[in-house]
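Trainee: Here's my sequence, what's the structure:
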Amino acid sequence: MNIRREGLSMLILTLMLAVFGVLMVFPLAWMMSASLKYESEVFKMPIEWIPSKINVSNYITAMTEFPFLNWYMNTALVTLYIVCLVLSVSTIAGYAFAKLEFKGKDVIFMIFIATMMIPVEVRIIPQFMIFKSLGLMNNVISVALPWMFNAFSIFLMRQFFTSIPNDLLQAARIDGCNEYSTFFRIVLPLAKSQITALFILAFTWGWNEYLSPLIYISDVNNQVLSVGIASFKGEYSTNFAVQMAGATMALVPIIIVYLFAQRHFVEGIALSGVKG
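Mentor: I've put the predicted structure just below:
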């Protein structure tokens, strides 16, 4: 009876997850389908998932009538900056908060984590004034710099570093390793899965960044994909088919990165002890 109940529970859970999975995939499937349709057929009901007449001109329009390649390169550059900043600062700060002893460590960490409760919108105006005074407006650096001190990513790395036995670090120091050698030669190799998980998160944050470039970048040629695709909407009408084509092309890098690093992402999140 227990085996049957467990089997039934597993079947119900699997069906529920399958339903949720379909609901998650539904918008993406509609987006890709709409990108291959003529504008008059985008909202046709019932939905024609495989268009009878494939229209690839939407992709050509997105590439030729808008500076789409510039947006792609700008987005890639912003993402590269954000990934480098997040990985370098978060791993070092997470290790410091987890394994180093210094005055006021716990208080500083709690204050730092408390900044997660401050909405991004509250920081926009002060950051705008700072970047303007530094001459960083219309520059992708202004979009990447605020990500340097990301409380969640530092918390994520700290959670893993706390699980590393102190005896292992002490043995490395006895063997002649200083703090830098211990970190780079002992700690970082153990954190490969966590760094991969953080890489995927940082890549997603950078590639999908919208509010900062909308505020800090006014030159259309210096914009990123998220803001650029939104500009497909005209004053009186929107070409949804072209917009969906641009969104489909923008989604490709995220899918590729996640597919290649999926196993390490799940493992890294599990080992860090972060849930939610």
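Trainee: which residue is nearest the middle of this structure?
Mentor: Residue closest to the average C-alpha location in the chain (C-alpha atoms, centre = their mean): residue 204, at 2.0 Å.
Trainee: Surely it touches residue 254?
Mentor: Yes - applying C-beta atoms under 8 Å, one finds residue 204 in contact with residue 254, separated by 6.0 Å. To be clear about C-beta, it is placed using only N, CA and C from the backbone, and glycine gets the same treatment.
Trainee: lowest confidence element among the helices and strands of the protein?
Mentor: Lowest by mean pLDDT, DSSP states H and E among the helices and strands of the chain is helix 240-272, with a mean of 76.
Trainee: In the stretch 1-150 of the chain, where is pLDDT below threshold?
Mentor: Within the stretch 1-150 of the chain, the stretches with pLDDT under 70 are 1-3.
Trainee: Show me where it has its helices.
Mentor: Taking DSSP state H, counting those that start in this stretch as the test, the helices found in the stretch 1-150 of the chain are 2-34, 57-64, 68-99, 105-114, 120-133, 141-144.
Trainee: Including distance to residue 190 and mean neighbour count, could the ones you listed go into CSV?
Mentor: Converted to CSV, those look like this (distance: least, C-beta to C-beta, whole Å; neighbours: other C-beta atoms under 10 Å):
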stretch, distance to residue 190, mean neighbour count
helix 2-34, 32, 11
helix 57-64, 44, 17
helix 68-99, 11, 20
helix 105-114, 21, 12
helix 120-133, 33, 12
helix 141-144, 28, 22
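Trainee: and those as JSON lines, adding distance to residue 165?
Mentor: Formatted as JSON lines, those follow (distance: least, C-beta to C-beta, whole Å):
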{"stretch": "helix 2-34", "distance to residue 165": "36"}
{"stretch": "helix 57-64", "distance to residue 165": "53"}
{"stretch": "helix 68-99", "distance to residue 165": "11"}
{"stretch": "helix 105-114", "distance to residue 165": "19"}
{"stretch": "helix 120-133", "distance to residue 165": "37"}
{"stretch": "helix 141-144", "distance to residue 165": "35"}
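Trainee: Of all those helices, which one comes closest to residue 167?
Mentor: helix 68-99 (12.1 Å; C-beta to C-beta).
Trainee: correct me, but residue 231 touches residue 220?
Mentor: Yes - the pair residue 231 / residue 220 is scored as a contact, 7.2 Å apart, by C-beta under 8 Å.
Trainee: Let me know the distance separating the residue nearest to the centre of the chain from residue 83.
Mentor: Distance of residue 204 to residue 83, given as C-beta to C-beta, to the nearest Å: 10 Å.
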